[in-house]
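S.K.: with the sequence up front, the predicted model follows.
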Amino acid sequence: MSKKPKRDNAHYEQRLKAEFPDIYGDVLAGRISSLRKALVIAGLKPQRTRLEKLKNSWAKATPGEREGFLTWLTISGVLPTASQSPVADTASLPPLPAGAPIASGRYLLPSTITRIKAIMAKRRLKPDDVMGEMGFLSDGQSLARALAKNASLRLAVIAGLEAWLRTHED
């Protein structure tokens, strides 16, 4: 199997120079401000959507910048406050009956996911915090994936979640 060719700026600049000399000349003269814009004009790269740009900026932001942005979203009314949260409140859910399953095999039940999200929202916890409270050294990614994408969990984590739910449901 052959190695995938490298597609960096130098590669695209060479293609632009060979296939679109007029646009390349505009880049060199400064009439087009960036190589990326020239590649979009030439049709060698697609125009990025606002969503792609936001995702890229979010990935590069520091935790403080992310927190500031979320605060700004909440203040501006774009994000709901905790009292307006679409996540169900634990008071509106009936308590978990003793012996009731919280998972089917290694997958959390939808009602369990709702309960966990409600407790996390009420106590302002992240998946890392929940894993730490249960005594796991994990970074919380497995729990986050299980809550967001219904991914599987280790059986030990499910057992820990069952005890954690019973402890924190009022």
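M.R.: Arrived safely. Numbering: from 1, shown residues only.

S.K.: all strands of this structure, in order?
M.R.: 103-104, 107-108 (DSSP state E).

S.K.: of the ones you listed, flag the one that's most buried.
M.R.: Most buried of the strands of the chain by mean neighbour count (mean count of other CB atoms under 10 Å) is strand 107-108; its value is a mean of 20. The way it works is simple: take the backbone N, C-alpha and C, and place the C-beta from them, glycine included.

S.K.: check which helices and strands that strand sits against.
M.R.: helix 141-149 (3 or more CB pairs under 8 Å, 6 or more residues apart in numbering; DSSP states H and E).

S.K.: out of the strands of the chain, which gets the lowest mean score?
M.R.: Per-stretch mean pLDDT for the strands of the chain is lowest at strand 103-104 (a mean of 84).

S.K.: residues contacting it, please?
M.R.: L109, T112, L153, I158, L161 (CB atoms under 8 Å, 6 or more residues apart in numbering).

S.K.: which of the residues you listed fall in helices?
M.R.: If you go by DSSP state H, the contacts of strand 103-104 have T112, I158, L161 in helices.

S.K.: ok, the second one - contacts?
M.R.: By CB under 8 Å, 6+ apart, the contact set of I158 is I102, A103, R106, L108.

S.K.: dump the residues you listed to TSV, plus distance to W72.
M.R.: Listed next are the contacts of I158 as TSV, based on distance: CB to CB, whole Å:
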residue	distance to W72
I102	36
A103	37
R106	39
L108	33
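
S.K.: now for those: which two are most distant?
M.R.: By the measure CB to CB, I102 and R106 form the most distant pair in these, at 11.6 Å.

S.K.: find the least confident helix or strand in this protein, judged by mean pLDDT.
M.R.: helix 63-76 (a mean of 81; mean pLDDT, DSSP states H and E).
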